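# Below: sequence and its predicted model.
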Amino acid sequence: MNNSLFGFEINVWLDALARLGLIVGVMTVVAMGLIYGERKILARFQQRVGPQKTGPFGLLQSVADAVKLVGKEDLRPNAADPWTFELAPYFVFIPIFLGFVSLPFLLDVNIRLLELGLLYFIAVSSVNIVGWVMAGWGSDNRYAMIGGMRAAAQAISYELPLVLSLVTVAMLAGSLNLKDIVEGQANVPYVALLPLAFVVFFISTLAEMNRPPFDIPIGESEVVGGPFVEYSGIRWSMFMLGEYASLWILSVLTAAVFLGGYSWPFGEDFGKGYQLVLMAAKSGIFIFLVFWVRASIPRLRIDQLMSYSWKILLPLSLVQVLVVGFVQVYELPDAFLTVAGVGGLLALVSITGRAVASSRRLPGAARTMRSEAV
Amino acid sequence: MTTQDLTGTIWSDVDRALSGVTVRAERGLLDLIVYIPRDEVVRALRALKRDAGVSFDYLRSLTAVDNEDEGIDIVYHLYSTAKKYNLTVKTTLPNDDLTVDTATAVWRGANWLERETAEMFGVRFRGHPDPRTLLMPEDMDDTFPLRKSHPLAEIEVLQGEGMGYTEEDR
Amino acid sequence: MVASPQHEFETQDLLINVGPQHPSTHGVFRMVLTIDGEVVKDVVPYIGYLHRGAEKLCETMDFRQGSGFMDRTEYLAAHNAELSYVMAVEALAGLEVPERAQWIRMILCELNRLSSHFMFLGAFGIDVGVFGTPFIYAWREREAIIDLFEEISGDRMMYAYFRPGGLAWDVPLNFKERVREVLKSTRQGIKDFDELLTQNEIFRARTEGVGTISAEDAIDWGMSGPSIRASGVPLDVRREEPYLKYADVDWDVITGENGDVFDRYYCRLLEMRESVKIIEQCLERLESGIIVPDKMPRMLRAAPGEVYIRTEAPRGEYGIYMVSKGGNRPYRLKVRSACLSNLQALRQMSVDQYVADAILVLGSIDIVLSEVDR
């Protein structure tokens, strides 16, 4: 049985192997690039310069880091559960890689176009939390355990709004095939029709990636790195690689399902180069937003995080699903969706503000007091 | 109970609050200093806190001074947030019985200050709710660093041979 | 075996050890938290890791050496620490400090308050979970102030610039211009923090109503400085018993209402504006003149006696109790540490809060371990 790869007919197994090698290679390079980019961008936000000594503009910083991490001793605490501890990084790493399979990078450039691509993506993307809990449990460290438990609680809470906002996209496109979803946006990207779903999706992805302000499982100032606290060397770097891989995957997914992927604007094919620029720009915007949030927003507390998901994001995304269904059943114009979405967005903002205000237990701020002396 | 002229100080108010307590007062550089026998000191402190005329509700500092042969003085620096009064209360413990009642029942803030004084001077605060060491290691209960009899030079011995000063250098 | 419904699900409290090596303990502080899930049930603080016997050492140092040693007990506000010591010596030795020296002392103490509070703001930003941005912002402003100190005293942290009787030497000729320059950047820095943290919804949600302590409790524990003023007690030594020239300048005592973490943060921020105000007035009234008394004795000897000098350091009341029996060194020196007393109230403030909040409470009282342990 043969398959075609870059126009060559090759054996199915060789093909699978080649594609696997391709993902791992590209993935590693991109993740290293993202780490460099994050360091540079954060540095700019903080009036620093960032990496600059290793190679031109510090471009080789990630390479230097990788070499250092690989060279470090792979430590395991005596009391740790050996199997759980040592397998945990793979349980984080492999599901994230599996997510690559169905992603539509460019037109007909993907690992394997799946008919149920979106469903498949949702299924594999939530598996990595098992690895987090394993790392937390297996480390025999109380910080790690608290971190692992937090990660599980957070993943369960934010998986729902994430999936529900993707459901609305699937309803509009009428397909779970990511290629169809991208091509369905040739004229109007779904972000224009579903602004609320997009914002809910963005917030949920931040939580899904354990990025600030939802970096509660790894909260440096509380649980000192959470599940990773006992890891070192190559295993630790696998966690980090996984983190940046999922950042890249989710940025591509966002570009594909909400921002029109490679087909919007113009909806015509101007060649692979044009598509590449479109995808890079769209996922770049997403990645930049994630870095920006990291540089400027404090961490939420675990109870605030949970109540925000269950009490605000989840009901709103359910309403969004209802509205999309309503529009489709009664064949209302698409503009109705936009209006409803903007309305929903305003509701989200005002509810968020009110929720934040009510989570304060006491009103008022400091006041100045003039003393009678002077 | 005083020979000095204490007009212009808060002495009259303090004296009223401390009726029934043996007290001797003297004018300090900044604050009034009162000497109270140690058996009466906590009763006096409580009176000073509760009396509306002075209401010393704030314990600034609590410490001790080792006067070698004359015993150890426990020194309380009080402040009244309402009246803006300052007062120093001193009591002398004889060297053969370094015990005084705890002031934690009067101000909770005395807790750590007393723990520190206890470990540094070997004073026992009777009725202290948490008599562990504060700054010193837990097993360091036989040596009292801030006493005058505690030599500073012993540290050099701890540094090992060839380090620090020898007797001849000094 | 089937669990009967009456059988209660057993939970166990977990002990976690925070510190002495933990990113959020601000030095070598250790506390053992008893937690039930995410809620703190008990806190047992341990101090003493940085105890160097400052009080005992000062008994062997003469008055000039002693003032230099005070820097080591309070390294973030060394000018304020020196001030208490030299004022105690001056009181015992009967020295009159010239006008100019007093104004300069006041300027430097207030500048030191600014630099110390910047340090607090930066570290607090990290505790709340913003990745580095407030820290670097604070560092930038603090750096300008520290540079000025270096120009004046020759050292960045351990100044030994205040001497009994006056100052070590006069300030540089361009002192006034340099201070104004620094104040300009400081004012901008305070504004930056107001916008970065105070106006951030998540920051407010995290800090307001957390770790409250009532005015009565704060007084009972002997708290001082911004930590007690946040509870609404206008206790400020600069106002209650003015030393230096604080009675001659116009400024406000900042008090809070709720005594929560936010008020302790915001009191410090507002206090910095007052400090700027004080310094500006000092600069206007600073005239040329002598900086040590004309009749300065060659060998400084104190009269027998005792004095308890208190000044308002950035973290609260920094008191020096000095007993002299004549001679050129103190017979007994006691440092009244503001942080030690503030830290005593930690347990009361953090019990029944979330783990993340216990970290914030610790950050909000702004401890310097070298002052706690001495």
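Thanks, I have the structure now.
# and chain B, which of its residues are near chain C?
Counting by CB under 8 Å from any CB of the partner chain, chain B comes close to chain C at B:28-31, B:33, B:57-61, B:63, B:65-66, B:75, B:77, B:81, B:84, B:86, B:88, B:107-113, B:116, B:133-137, B:145-146, B:150, B:152. C-betas here are computed from N, CA, C, even on glycine.
# Just the buried subset of those residues, please.
B:28-31, B:33, B:57-61, B:63, B:65-66, B:75, B:77, B:81, B:86, B:88, B:107-113, B:116, B:133-136, B:145-146, B:150 (16 or more other CB atoms under 10 Å in any protein chain shown).
# Give me the subset of those residues lying in strands.
Judged by DSSP state E, strands contain the following of those: B:I33, B:Y58, B:L59, B:R60, B:S61, B:T63, B:V65, B:D66, B:V75, B:H77, B:N86, B:T88.
# Tell me which two of these sit farthest apart.
Pairwise distances across these peak at 26.0 Å for B:Y58 and B:D66 (criterion: CB to CB).
# What score does A:R367 have for pLDDT?
Here the pLDDT value assigned to A:R367 is 41.
# nope, A:L114 is what I meant
pLDDT, A:L114: 82.
# What pLDDT does the model give the residue of chain B found nearest chain A?
Chain A sits closest to B:K84 of chain B, with a gap of 10.7 Å, by CB to the nearest CB. Per-residue confidence for B:K84 comes out at a pLDDT of 85.
# Go ahead and confirm it touches C:V237.
No: the criterion here is CB atoms under 8 Å, and B:K84 misses it with C:V237 at 10.8 Å.
# Nearest residue to whatever residue of the stretch 51-200 of chain C ends up closest to chain A in space, please, no chain neighbours.
Using CB to the nearest CB, C:G129 is the residue of the stretch 51-200 of chain C that sits closest to chain A, at 2.8 Å. The spatially closest residue to C:G129, leaving aside those adjacent along the chain, is A:R299, at 2.8 Å (CB to CB, 6 or more residues apart in numbering or on different chains).
# So the one you found belongs to a helix, correct?
No: in this structure, A:R299 is coil, not part of a helix, as judged by DSSP: H, G, I helix; E, B strand; the rest coil.
# can you tell me how far the residue nearest to B:E26 when sequence neighbours are not counted sits from A:L107?
Take B:E26 and drop its neighbours on the chain: the residue closest to it by CB to CB, 6+ apart is B:I33, 5.1 Å away. According to CB to CB, to the nearest Å, B:I33 and A:L107 sit 90 Å apart.
# still on that earlier bit, tell me the pLDDT of the residue nearest to B:E26.
88.
# Isn't it up against B:T88?
Yes: using CB under 8 Å, B:I33 is in contact with B:T88, at 4.4 Å.
# Need the residues touching each of the two.
C:E306 (CB atoms under 8 Å, 6 or more residues apart in numbering or on different chains).
# ok, so what distance separates C:T25 from chain A?
According to CB to the nearest CB, to the nearest Å, C:T25 and chain A sit 10 Å apart.
# Where does that residue sit: helix, strand or coil?
Following three-state DSSP, C:T25 is assigned to coil.
# Show the contacting residues for it.
C:V18, C:G19, C:M31, C:L362.
# which one of the residues you listed is nearest chain A?
Proximity of the contacts of C:T25 to chain A (CB to the nearest CB) peaks at C:V18, which lies at 8.9 Å.
# What segments of the stretch 1-150 of chain C are strands?
For the stretch 1-150 of chain C, the strands defined by DSSP state E, counting those that start in this stretch cover C:14-18, C:30-36, C:39-46.
# Strand C:39-46 and the first one, what's the angle between them?
In other words, strand C:14-18. 50 degrees (axes from the mean of the first three to the mean of the last three CA atoms, to 10 degrees).
# Can you give the distance from strand C:14-18 to the centre of its chain?
Offset of strand C:14-18 from its chain centre (CA atoms, centre = their mean, to the nearest Å): 28 Å.
# May I have that strand as CSV, with CA atoms only?
Extracted in CSV, the C-alpha atoms of strand C:14-18 (Å, rounded to 0.1, in the frame of the first residue of the first chain):
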residue,chain,number,x,y,z
LEU,C,14,-1.8,19.0,54.8
LEU,C,15,1.3,20.7,56.2
ILE,C,16,3.4,22.6,53.7
ASN,C,17,6.6,24.2,54.5
VAL,C,18,7.1,27.6,52.8
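# hmm, that strand in reach of chain A?
Yes: Strand C:14-18 reaches chain A (CB under 8 Å from any CB) through C:L14, C:L15, C:I16.
# The residues you listed, buried ones only, as a ChimeraX selection?
Buried subset of the residues of strand C:14-18 next to chain A, written as a ChimeraX selection, criterion 16+ other CB under 10 Å:
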select /C:16
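# Which one of the residues of strand C:14-18 next to chain A is nearest to A:D74?
Of those, the one sitting nearest to A:D74 (CB to CB) turns out to be C:I16, at 25.8 Å.
# could you list every residue that touches that closest one?
If you count contacts by CB under 8 Å, 6+ apart, then C:I16 has A:R142, A:Y143, A:I146, C:V32, C:L33, C:I35, C:V355 around it.
# what's the answer for A:S317, then?
Neighbouring residues of A:S317 by CB under 8 Å, 6+ apart: A:L160, A:P161, A:L164, A:S165, A:T168, A:L196, A:A197, A:V200.
# Excluding chain neighbours, what is closest to it?
A:L164 (3.9 Å).
# count of neighbours near that neighbour?
Using other CB atoms under 10 Å in any protein chain shown, A:L164 has 21 neighbouring residues.
# That one contacts A:L318, correct?
Yes: the pair A:L164 and A:L318 passes the contact test of CB under 8 Å, sitting 6.4 Å apart.
# Helices along the stretch 251-374 of chain A, start to end?
Here the stretch 251-374 of chain A has its helices, by DSSP state H, counting those that start in this stretch, at A:272-296, A:302-307, A:314-329, A:334-359.
# no no, the stretch 1-150 of chain A
Remark: helices assigned in the stretch 1-150 of chain A by DSSP H, counting those that start in this stretch are A:12-45, A:61-71, A:82-98, A:117-125, A:128-138, A:142-173.
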